[in-house]
Each structure stands twice: as structure tokens, then as C-alpha cells.
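> generate a structure from the sequence data that follows.
(chains A and B)
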Amino acid sequence: MFKVSFFEKTLEFEAPLSVFDAAKAAELVTRAHIAAEVGGTVVGMTHLLAGDCEVKLLTFTDAAGKHVFDHTAAHILAQAVKRLYPATKLTIGPAVESGFYYDFDSDIPFTPDVLAALEGEMKKIVKENLLIERFELPREEARALMEEKGEPYKMQLIDELPADAVISFYRQGEFVDLCAGPHLFSTAAVKAIKLTQCTGAYWKGDQKNKMLQRVYGAAFPSKEELKAHLEALEEARKRDHNKIGRELEYFTTVEEIGQGLPILLPKGSRVIQTLQRWIEDEEQKRGYLLTKTPLMAKRELFKISGHWDHYRDGMFIMGDPDDYSKECFALRPMTCPFQYQVFLNKKRSYRELPMRLGETSTLFRNEDSGEMHGLIRVRQFTISEGHLVLRPEQLEEEFRGCLELAKYVLDTVGMLENCTFRFSQWDPARAGIKYEGTAEQWEEAQRVMGNILDNLGVQYTIGIDEAAFYGPKLDIQYKNVFGKEDTIVTIQIDMLLAEKFGMEYVDSDGQMKTPYIIHRTSLGCYERTLAYLIELYAGALPTWMAPEQVRILPIGDEHIDYAYDVKRRLAAKGVRVEVDDRNETIGKKIRTTQLEKVPYMLVIGDNEMNAGTVAVRSRKEGDKGAVTVDEFLSDLLVEIEEKRR
RNA sequence: GCUGCUAUAGCUCAGUCGGUAGAGCACGUCAUUGGUAAUGACGAGGUCAUCGGUCCGAAUCCGAUUAGCAGCUCCA
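Numbers count the residues shown, from 1 in each chain, chains lettered A, B, ... in the order given. Model prediction:
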């Protein structure tokens, strides 16, 4: 006898039975139940229960249930590929957030036509209602089976499994795949499938390995859900900064200037200027000293910093890097070695620390040609850079200050809700290759940083092998409208570079000490942040940062002079305002294209003139009726000052 | 850098079998209309991304380059 608890009710059984049968006995199972969680492990409905356990039934709406569903969809894809292109070699095919993918090694390119054919074959497989069975084999037999099926990648995967691993397979019809599972009961539940794209991906994610063909897809229990998913994707595309950022004239690119070198048009420039002035002022309030350092330096500087050894491929170098009879310059990829010179300018006392240095810093990185993307990944960008030179006991307090500033800044622009924190650590296996310094130094820096993060109550994930070459980082990750993640802000502890540059201060006991350094940004890089703001607000930026805050619309020729008078009054207070007099007498037929991107519109006509007012139309609140210009202006200035969203 | 796709007017796109280029919107002029997504007429705009090849002839076929997109790898 054993007990199976379904939370709602508990039953007792004598003989082992499947989750499905147990749930059926409990009268809990429906068609929607596609998997289960038994004692915290996700299993299929055919999983045998033989002892006391707690069972939670899963549907597609549970993340774990969707995962099982998508994984089965990936197997159906692989089966379809093997039917239509038997020579294809299978590799791996997991479920991912956006659905699933499967990587294939095939000589035939999977063009859109091929994907359509595969989709058709997948539908057949679903109709065939193939039962999905799990079986386990000892290592040698597992290997032999994969050899017989002609699957070298699967053989390699088997060889790499730990000695005590259970080697399981799943069979559906004629198709067998090495897989840990779990899976659906049958192929029939996967009612709606869309193969979205085919791209390249390296085997095991290693650039040195063969490039495979990755087919992405999405699958749902019903056609309606698939349709809704595809429509949501379409909506996200409408917010794509790379599309609307160009349409709304924030930026453009020019073939002759080159990849990753966007032109910021007047609107984009104005937004960035607004952000930059705000950040510089905010940092000044918080005790930062402003610096302005060169955009380039001789190779010798980067040799000291270590960039020459660790970052040379990512730098733009002018001159022959190997000819030491001549000068060789490089554009700066980072600000650190330049800003350190500010500290090194004279002998420093402990009384001067913490020294907080801030700079709006333009950097140059020679990214690989396939990496560039709109304003998000570029070769020249400007960052709200800063370095804090500290006594050891100031580390925690200053780190907290940096984190508070970053959170305040991200919260103000509205991005904090979509942020997560990542504690980026080194990988000891790459010591001396990617990372400088000793294991002791790294362990110490990471211990200190871990303590600080825990003391501050920061919820973070750990990213192994995500550190900088000189130290661990706290990366603030931003998730965009497509669900893609990028680092927006980073705060790093550096125990190495101060020593390399000979940075020292005289401590209270008269001894020379090496300071700690925090590298940090507050708003990250302006171009990338602008891109995310455009997406976040679908181009309709909050008033305080909008490139055009007010548009004045005179109705009739006789009001044009007054419209310009109102414009002068607003502009004198720093308001970004335009008059639209292009259709001065058109009246009814005023073009309103893109007007929804401007926070306020002032309509000037006879009614308003008689009352000495303007008719205010707010993007957010609609028609606000007639108010005097002074009232409108004072409310507007308060809204801008408060940086309301 | 890698795999796949793409490039025709400022934008969105037609252009069949290889025979010297087309629409709508936008833009300009004139006329017309007094309140929030589209008045009418006329006009201007393209070395079909660039370079090379095949051909009597290339927007169209082939190759290279450049740029853009998706993904991989890398990264703020």
C-alpha cells in the first residue's frame, strides 16, 4: 500500500500504476493535463508511481507543462526531418522560452519551402496519434542503437554522459531519440505548429565546431493560441526600435559611414542630450567629479592596462601594432586607464577618498561584422562612465551608492521593472587566459562582492565566466519587448588595475596603500538605453525626455502670429515646441501622423482666442479643454521637473 | 567572424519568359476645405546598393563587395 496525494485528495494504491491511471482514479485528470510534477520532478503521464508521493498535475499554462509540450514538438520536428531527409544527422532539440528548436546537421539548406514541407509532415505525425514510449538502455547498447541509426552526434552525447547516468530514449512510431524527457503521452496533443525560422548554430555553441542548421518553432494545444502568439510577436515587431527609431527620425545609418556607426538625427540627439545633462547633474549632486579624457592613446597605455593582451581584437588600432620604431595609437575601448590618470595626477591622501570620477565617455569597439544591431550593438557609443577610487573600508558603502544611483536612474526612465541582476564571476578554468590575477585575488573580490550583494538584499543570478578580465561584475540585465536580454548597467570591483598603474594613497598611518576601484555606469550606454526607451514607450517618450514636447496647431491664417508668440513663450522656458503651420488654412484636414508621439498639442482658434486661452490636448489624457498659456506652462514645467512617466 | 535571407523613388512595395522603370503615400506648385489619419489638378524624384562576368541586350542570370534582417559566437 502507498499513498498518492493530489493535494485536493489523497488515494491509496496497492500495485504500481501510472500518473495518468492514478489521476483517473482520483477523477482529476482532464485532456488539458499533459504532464505532472512528482516530488518536485517533472514527469510524463505514463510515469509509474510505486511509493508515497505528492503529485501535481500540469497543463500547458504551467511553465513546466509548456516545456514538456514544446520538447515533444521538437521531437515531432526531428521525426519529420528524418522522414523527408533521412541523411540528416540529429543533434539536440530543447524547449526554450519562445517555443523550441532542433539542431540538425544536413547538407540541404532548410529554406522557407523546406520548412513548409516539414510543417506539413509534422501535422501528419500529429494526426497519426503516435504513442510516446520511454525506455532505458545500458551504455553499450545505447551506443550500438545510435550507431545503427547513423547518429554520430548522439553517440558523442552518450560518451559524454557521466558513468552513473541513466540513458533513456523516447520512441514515437518509427522514430527513436536519445532524450532525458519527459514527454507527452502521444503526438496528438500538439494541435498547432509553426516553424518560424531556420538559422545557423554551432555544435555545442563553440565557434570552432561545425555549424548546424537550427530550426525554431512554436507549438500550441490549439490553433487559436498559436494565432494569438503570432499576433503578439507582430505587435512586438511594431515597437522594434530599429524600425520606429528610423521612422520617427531618431537615427539613421549610412552605407558609406559603415556598420555600427549610426547617425543620431536631431530628435535622437535631443533625447540623449536630455539624459546626459540629467545624469551629469545627478552625479554632481552625488559627489562625482567630472573629467574629460582623450578618445585615443598610444599602445603603451593599453599595454599597462592589459587591454593590449586581452582586448586587442576588439580595438581600432592606427598604425602597425608590431612596429616599435613608430608610434602606434588605438581608439579607446574603455575609459579606465584614462580616468586613472586623473587620480595619478598628484600624490593622494586617504582624506581625498572616496574619489568619485564621472565622465560622459565615448568608446570604440571593433565588433565582429555580424554583431551590429540598430542602436543596441554599435562600434562607437557613449556611456555614463565612472570610476570610484576607495579605501577598502569604503567599498561596501560606495558600492551601495552606485547601485542606488543605477536603480534610481533606471526607475526614473521606467526601465527598472524589466531588469534583473546578475553576479558575473570568473571561470577558474580560464585563469591566465581570459582572466588576470591570482585565484586568491579573484576569490577575495568575489567574496567581498557576494557579501555586499547579500547585505544589500540584492536578488541575483550567478553568471560563471561573465566577469571582466580584471574583476567580478554586478550586471543589470534588461529584458526587451522580444524577451531578449542585454546588459544595460554594470558595477564592477577591480583589485588589479590600481596595482598595474601604480595607484597609491597615503593612509592615516603614513603608509602607502593601493586603493580599491569600482568601475560603474549609471544609465549605461546612451545609444542602447535610447533604443530600449523607444521600444518601451513604442516611440511615445514621457514628456520630460520627448524630443518634441508640445506642438502648436493654429487653425486659420489669422492665428499664426499668435501661435509663434506662444511658441516663443514656451521655448523661453526650455520647452521643446514646434508650430505646425504647414496647413494653416486647411482646417479639417490637418495631418495627424505621428501626433500621438507628441505629449501635448495646443490648438489655437477663435474660441480660444476670445477667452485668451489655448485648447490643450494631452496624449495621455485626451482633450483637456481650454486653459491659459501660463497655466499650461506652469503645469508642464512641473511635470518635466518631476520627470513624470 | 559563421549560417540563412534581403537590397527597385524619402517610405511601403509591383515589375511575368532577359528587350532601357511603375503605383500608393511623402515632397513641390496651384486651387479648394475653419477642429485631429488622408481634397483635386499638375509636377519633380531612380546609373534598379556597388563592382565585375555571361549575353546582341541585364533591375531580372552568375560571382565578388558593401549594407540591412534573423540566429549562432562574442559583448555595454
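> could you pull out the strands in the stretch 151-300 of chain A for me?
A:168-172, A:175-178, A:192-202, A:211-220, A:251-252, A:263-264, A:288-290, A:296-298 (DSSP state E, counting those that start in this stretch).
> mean pLDDT, mean neighbour count and distance to A:Gln341 added to those strands, as TSV?
Bear in mind the C-beta positions are built from the backbone N, C-alpha and C, glycine included. Putting the strands of the stretch 151-300 of chain A into TSV (pLDDT from 0 to 100; neighbours: other C-beta atoms under 10 Å; distance: least, C-beta to C-beta, whole Å) gives the following:
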stretch	mean pLDDT	mean neighbour count	distance to A:Gln341
strand A:168-172	90	19	60
strand A:175-178	90	22	57
strand A:192-202	87	17	41
strand A:211-220	90	22	44
strand A:251-252	90	18	33
strand A:263-264	91	16	29
strand A:288-290	97	15	13
strand A:296-298	96	15	10
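> among these, which comes closest to RNA strand B?
strand A:192-202 (2.7 Å; C-beta to the nearest atom of the strand).
> next SSE downstream of the helix or strand of chain A with the lowest mean pLDDT?
Here the helix or strand of chain A ranked lowest by mean pLDDT, DSSP states H and E is helix A:606-611, holding a mean of 59. Next helix or strand after helix A:606-611 toward the C-terminus (DSSP states H and E): strand A:614-618.
> okay, buried residues for the next helix-or-strand element following that next one please.
Once the chain leaves strand A:614-618, the next helix or strand it forms, by DSSP H and E, is strand A:622-627. By neighbour count with 16 or more other C-beta atoms under 10 Å, strand A:622-627 contains the buried residues A:626-627.
> now swap in stretch A:557-568 and tell me
A:559-560, A:562-563, A:566-567.
> which of those lies closest to A:Gln172?
Using C-beta to C-beta, A:Lys567 comes nearest to A:Gln172 of the buried residues of stretch A:557-568, at 69.8 Å.
> now do the SS call for that closest one.
Classification of A:Lys567 using DSSP: H, G, I helix; E, B strand; the rest coil returns helix.
> mind listing what it touches?
Each residue near A:Lys567 by C-beta atoms under 8 Å, 6 or more residues apart in numbering is listed here: A:552, A:577-579.
> most neighbours, which of those?
A:Ile552 (24 neighbours; other C-beta atoms under 10 Å).
> if I pick it, what's in contact with it?
A:563, A:566-567, A:577-580, A:601-602, A:604, A:614.
> could I get the full set of helices for the stretch 201-350 of chain A?
A:223-238, A:241-247, A:266-285, A:299-305, A:307-310, A:336-344 (DSSP state H, counting those that start in this stretch).
> check these for me: which has the lowest mean pLDDT.
Among these, helix A:223-238 carries the lowest mean pLDDT, a mean of 84.
> chain center to that helix: distance?
20 Å (C-alpha atoms, centre = their mean, to the nearest Å).
> packing partners of it?
Counting contacts by 3 or more C-beta pairs under 8 Å, 6 or more residues apart in numbering; DSSP states H and E, helix A:223-238 packs against strand A:192-202, strand A:211-220.
> partner residues bridging the closest residue to A:Phe316 other than its chain neighbours?
Leaving aside its sequence neighbours, A:Phe316 sits nearest to A:Leu331 (C-beta to C-beta, 6 or more residues apart in numbering; 4.3 Å). Applying DSSP bridges to A:Leu331 yields these beta-bridge partners: A:Met296.
> show the contacting residues for A:Phe399.
A:449, A:452, A:456, A:491, A:493, A:518.
> before we move on, back to that, which ones among the contacts of A:Ile552 also lie next to RNA strand B?
Intersecting the contacts of A:Ile552 with the contacts of RNA strand B gives A:Met601 (criterion: C-beta under 7 Å from any atom of the strand).
> in the contacts of A:Ile552, which has the lowest confidence score?
Among the contacts of A:Ile552, A:Asp580 has the lowest pLDDT, at 77.
> that one reaches A:Glu548, doesn't it?
No. A:Asp580 is beyond contact range of A:Glu548, at 10.4 Å (criterion: C-beta atoms under 8 Å).
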